[in-house]
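A.B. asks: Predicted model and sequence below, questions to follow.
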Amino acid sequence: MTRALLRFEWSAARRGRVMPLFAIGFAIAAVGVSLAGLAAGGVIAVQGFARTSVSLLQLTLWTVPLLALLLGAAGGAECTELEFIVALPVARPRILFARWAAWTAALAVALTLGFGAAGVVIGIFAGAADAGRYLALVGVSIALAAAALAIGLWIGVAARTRARAIGVAVVAWFVMVVGADLAAISILSVLPARAATWNLFVLLLANPVDSARALGLGLFRADTLAGPTGAALRRLLGGPGMAFLLVGLIAWTILPLRRAGRRFARQDL
């Protein structure tokens with residue numbers, strides 16, 4: 001039954017227009033970022049994997065969480081319309097899990113295509129140095145998409161209506177992408193350095209977007225560009241901090257899915 005649900009949800013995700021459009025748009029944007037522009041002599045200058053990956057990470061941090069949150073919120077709200085599937089002998093949390101797994105796979109394919117297109121351009125013009133870390137960055141981006149999708153599903157199930165769920169998802173995206181950094185700056189300006197470091201570390205783990213940013217920049221030894229939370233992590237934990245961030249991203253995927261599944265199981269459709 002679980003396989004049938006996965007095939008059903010994957011078919012729905014594949015037939016929709018969102019994923020093809022996102023895959024094409026992200027690929028075009030990624031290739032555009034990888035092209036540094038025209039040099040004085042009219043030759044296209046392409047930076048290597050390391051420098052280009054930082055720019056691609058910023059593109060990912062702004063677009064992927066927003067899309068995943070909106071998809072999850074809409075999909076969670078639409079679960080109230082699945083009376084026929086709910087009537088089947090299958091646990092309701094499995095329905096949510098199948099929807100999350102299918103859309104995560106679709107997002108993973110779209111991100112792989114986008115990063116792959118940019119990677120081909122970088123490899124041709126700038127060589128294959130740091131290609132392994134570039135592939136790891138793709139994995140970090142997919143992990144962020146999975147976490148944001150799980151949070152979106154939780155929002156959608158709790159909101160019940162599509163309009164309300166999308167509104168809450170947009171607010172959640174703004175808080176994760178912008179609000180967390182504003183809070184980090186406030187903490188730095190008020191607390192002593194040692195106390196601020198610990199509070200910033202907690203704030204870093206509490207925000208999947210900041211966790212993904214620090215992970216991605218850490219792959220290319222660019223932690224100092226990760227903002228105040230990334231700098232705090234580097235001073236406090238160093239290398240082991242990356243493992244904590246991975247655990248945090250996994251937790252931001254599992255916990256919202258569990259909460260959404262339990263709430264959906266209790267809902268009266």
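C.D. replies: That came in fine, so what should we check first?

A.B. asks: what sits against the closest residue to residue 30 other than its chain neighbours?
C.D. replies: Computed as CB to CB, 6 or more residues apart in numbering, the closest residue to residue 30 that is not its neighbour in sequence is residue 118, at 3.8 Å. All C-beta atoms are positioned from the backbone trio N, CA, C, and that covers glycine. Going by CB atoms under 8 Å, 6 or more residues apart in numbering, residue 118 touches 27, 30-31, 33-34, 52, 56.

A.B. asks: And the furthest pair within those residues?
C.D. replies: 27 and 52 (14.4 Å; CB to CB).

A.B. asks: Among these two, which residue is more densely surrounded?
C.D. replies: Using other CB atoms under 10 Å, the more surrounded residue of residue 27 and residue 52 is residue 52, with 24 against 18.

A.B. asks: can you pull out the helices in the stretch 151-269 of the chain?
C.D. replies: 162-174, 180-190, 193-205, 208-219, 227-236, 240-266 (DSSP state H, counting those that start in this stretch).

A.B. asks: thinking again about what came up before, need phi/psi at the residue nearest to residue 30.
C.D. replies: Backbone geometry at residue 118, expressed as degrees, to the nearest 10, gives phi -70, psi -40.

A.B. asks: Pull up the gap between it and residue 253, please.
C.D. replies: Distance, residue 118 to residue 253, using CB to CB, to the nearest Å: 25 Å.

A.B. asks: tell me, how many neighbours does residue 249 end up with?
C.D. replies: Residue 249, neighbours per other CB under 10 Å, totals 20.

A.B. asks: List the residues that contact residue 248.
C.D. replies: 204-205, 208, 211.

A.B. asks: What is the most widely separated pair among the residues you listed?
C.D. replies: 204 and 208 (10.0 Å).

A.B. asks: And for residue 178, the neighbour number?
C.D. replies: 12.

A.B. asks: Before we move on, what's the pLDDT of it?
C.D. replies: pLDDT recorded at residue 178 is 83.

A.B. asks: isn't residue 61 right up against residue 212?
C.D. replies: Yes: the pair residue 61 and residue 212 qualifies as a contact (CB atoms under 8 Å) at a distance of 6.6 Å.

A.B. asks: Mind checking which of those two has more residues around it?
C.D. replies: Taking neighbours as other CB under 10 Å, residue 61 and residue 212 compare with residue 212 leading, 28 against 19.

A.B. asks: any idea how far residue 107 is from the more buried one?
C.D. replies: Distance from residue 212 to residue 107, by CB to CB: 14 Å.

A.B. asks: all strands for the stretch 51-200 of the chain, in order.
C.D. replies: Secondary structure of the stretch 51-200 of the chain (DSSP state E, counting those that start in this stretch): no strands located.

A.B. asks: Please list all residues in contact with the closest residue to residue 91 other than its chain neighbours.
C.D. replies: Closest residue to residue 91 apart from its sequence neighbours, by CB to CB, 6+ apart: residue 265 at 7.4 Å. Counting by CB under 8 Å, 6+ apart, residue 265 makes contact with 91-93.

A.B. asks: so how far is residue 106 from residue 265?
C.D. replies: Applying CB to CB to residue 265 and residue 106 gives a distance of 25 Å.

A.B. asks: again, but for residue 214
C.D. replies: With distances taken as CB to CB, residue 214 is found 26 Å from residue 106.

A.B. asks: again, but for residue 146
C.D. replies: On the measure of CB to CB, residue 146 and residue 106 end up 11 Å apart.

A.B. asks: Could you report the neighbour count for residue 141?
C.D. replies: 26.
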